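Peer 1: Turn this into a structure:
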Amino acid sequence: MIEWINMRSRELPRRADGLGVFTVALVALTLFGLLASEVMEGEALFFDRPVLLWIHGYANAPLDTAMRLIAWTGSVWMMVPLVALAMWLCRRQARAALYLLCANGGAALLNVAAKHGFERLRPAYWPTIVHESSYSFPSGHAMQTMAFACSLLFVLPRQGGGMPLAAGALYVVAVGASRLYLGVHFPSDVLAGWCVSLCWCAGLGMWMMPRLAPRPDAGGDIQVR
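Peer 2: Numbering: from 1, shown residues only. Predicted coordinates:
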């Protein structure tokens, strides 16, 4: 009886985490649906133009350089090596490495499909210092950085308190803000990108979570079942 109680008590945090992930994914899916419906109808979202113009009011040469650098950290030239490095670090945990590959690779494929599905043109409120030729919705930088941060949080041992979450959130928000500053995305593009990757990584993670969950006797390491 005591052993059964102890086993159930260990399962409670796992179930609570699963419920939390499901709730976040549901909220993200709902928000994406609202944004996508407006974009499909060809209507401008009420906050897109005011937010972009407000951000552009702070533009200056030093910020131009800083934002271009921050945006580069969310580009394919940075994301592919980062994902490869994360997979190499998880090389002894095959399912964790597979999850990282599917989460990030799947997000990239979803972004290409969504861009060509919505075919939203990029904003043109001022001459930009960077030039993009692809469609705008949803933001690829937002999707890839969110997918990378979320997938890492799923496979990292639960150590360090809230620091990994805070660091991941700061990175994702910084890259998203840089795309707005550079004038190559609407705010709704960035929000939609975050939502899609949250849903994708959460759904994939919930499916693989029982196999990725650390065992009580593993010292926090991820064990392949």
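Peer 1: Flag the shaky bits of this protein, pLDDT-wise.
Peer 2: Counting by pLDDT under 70, the low-confidence segments of the chain come to 1-18, 157-161, 209-225.
Peer 1: Could you rerun that using 50?
Peer 2: Applying pLDDT under 50 to the chain picks out residues 1-16, 215-225.
Peer 1: Tell me where it has helices.
Peer 2: 2-40, 48-56, 61-72, 76-89, 94-118, 140-155, 163-181, 187-212 (DSSP state H).
Peer 1: To I129, which of those lies closest?
Peer 2: Evaluated with CB to CB, those place helix 61-72 nearest to I129, the distance being 5.8 Å. C-beta here means a position set from N, CA and C on the backbone, and glycine is covered the same way.
Peer 1: Distance from that closest one to the middle of the chain?
Peer 2: 21 Å (CA atoms, centre = their mean, to the nearest Å).
Peer 1: List the contacts of the closest residue to P123 other than its chain neighbours.
Peer 2: Counting by CB to CB, 6 or more residues apart in numbering, F186 is the residue found nearest to P123 once chain neighbours are left out, at 5.5 Å. F186 makes contacts with 45, 48, 52, 120, 123, 136-137, as judged by CB atoms under 8 Å, 6 or more residues apart in numbering.
Peer 1: quick one: which of these has the most company?
Peer 2: Using other CB atoms under 10 Å as the neighbour criterion, F137 leads the contacts of F186 with 24 neighbours.
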